[in-house]
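Engineer: Sequence and predicted structure are below.
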Amino acid sequence: MTTSKKNMKRSALAIAVALTLMTDVAVAQGPFGHKGDGHHSSIERMIEKLELTDEQTIQMDALMDSRISQRDSKFQSRSQIQELIDQGYLDQAADQAAAAARERVYEMAKFKSSLEQILTSEQLAKIEKAKLRKQKRAERRKQSTSTE
């Protein structure tokens, strides 16, 4: 294998592992970016902020339970990828990391679709506003730490 192909594979592996780690961190946070004592505290905040109906609350609780079980399997996949890297099986690790990243994209799309079926357009708009506020806070923090 040529040096450039090896470098490309290593770059692909690094990107896949980085995406895996970033996704795991995002999933560990609640819908509004809050960390808490599990998804129940996130659900409670969501019920308040979005004014969910009883039926929506039940559906969201089931959806979040599903996300938690998916997160557990992601952590297992990540440790398997790390084992392959440690053993020097970079090609297999890259393939597995790419497959895991692809699966996460499908899971995110499925989650978004489920949200769109459960929530009203007004509730979805509130979530988008919360995301934008979170992004702006993160940008301000980043700017303030870069100027220090």
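Structural biologist: Sure thing, it's come through.

Engineer: Per-residue pLDDT of the nearest residue to Glu51 once chain neighbours are set aside, please?
Structural biologist: Nearest in space to Glu51, with sequence neighbours left out and distances taken as C-beta to C-beta, 6 or more residues apart in numbering, is Gln123 at 7.6 Å. Using the backbone N, CA and C atoms, a C-beta is placed for each residue, glycine as well. Here, the pLDDT recorded for Gln123 equals 91.

Engineer: Phe111 now?
Structural biologist: Here the pLDDT value assigned to Phe111 is 88.

Engineer: Mind listing what's buried along the strand or helix carrying Gln59?
Structural biologist: Using DSSP states H and E, Gln59 sits in helix 54-86. By 16 or more other C-beta atoms under 10 Å, the buried positions in helix 54-86 come out as 56-57, 59-61, 63-64, 67, 71, 74, 77-78, 81, 84-85.

Engineer: If you count contacts, what does the next helix-or-strand element following that helix end up packed against?
Structural biologist: Scanning forward in sequence from helix 54-86 by DSSP H and E, the next helix or strand is helix 90-118. When contacts are defined as 3 or more C-beta pairs under 8 Å, 6 or more residues apart in numbering; DSSP states H and E, helix 90-118 packs onto helix 3-28, helix 54-86, helix 121-146.

Engineer: what angle do the longest one and helix 121-146 make?
Structural biologist: Counting by axes from the mean of the first three to the mean of the last three C-alpha atoms, to 10 degrees, helix 54-86 lies at 40 degrees to helix 121-146.

Engineer: Just list what helix 54-86 packs against, helices and strands only.
Structural biologist: Using 3+ C-beta pairs under 8 Å, 6+ apart, helix 54-86 is in contact with helix 3-28, helix 39-50, helix 90-118.

Engineer: where are the low-confidence patches of this protein?
Structural biologist: Along the chain, segments meeting pLDDT under 70 span 1-43, 46, 148.

Engineer: Repeat the analysis, applying 50 as the threshold.
Structural biologist: For the chain, the stretches with pLDDT under 50 are 13-14, 17-18, 21, 24-37, 39.

Engineer: The closest residue to Gln80 other than its chain neighbours: how many residues sit nearby?
Structural biologist: Once flanking residues are discounted, Gln80 sits nearest to Gln96: 6.7 Å by C-beta to C-beta, 6+ apart. Summarising burial for Gln96: neighbours were counted as other C-beta atoms under 10 Å, giving 20.
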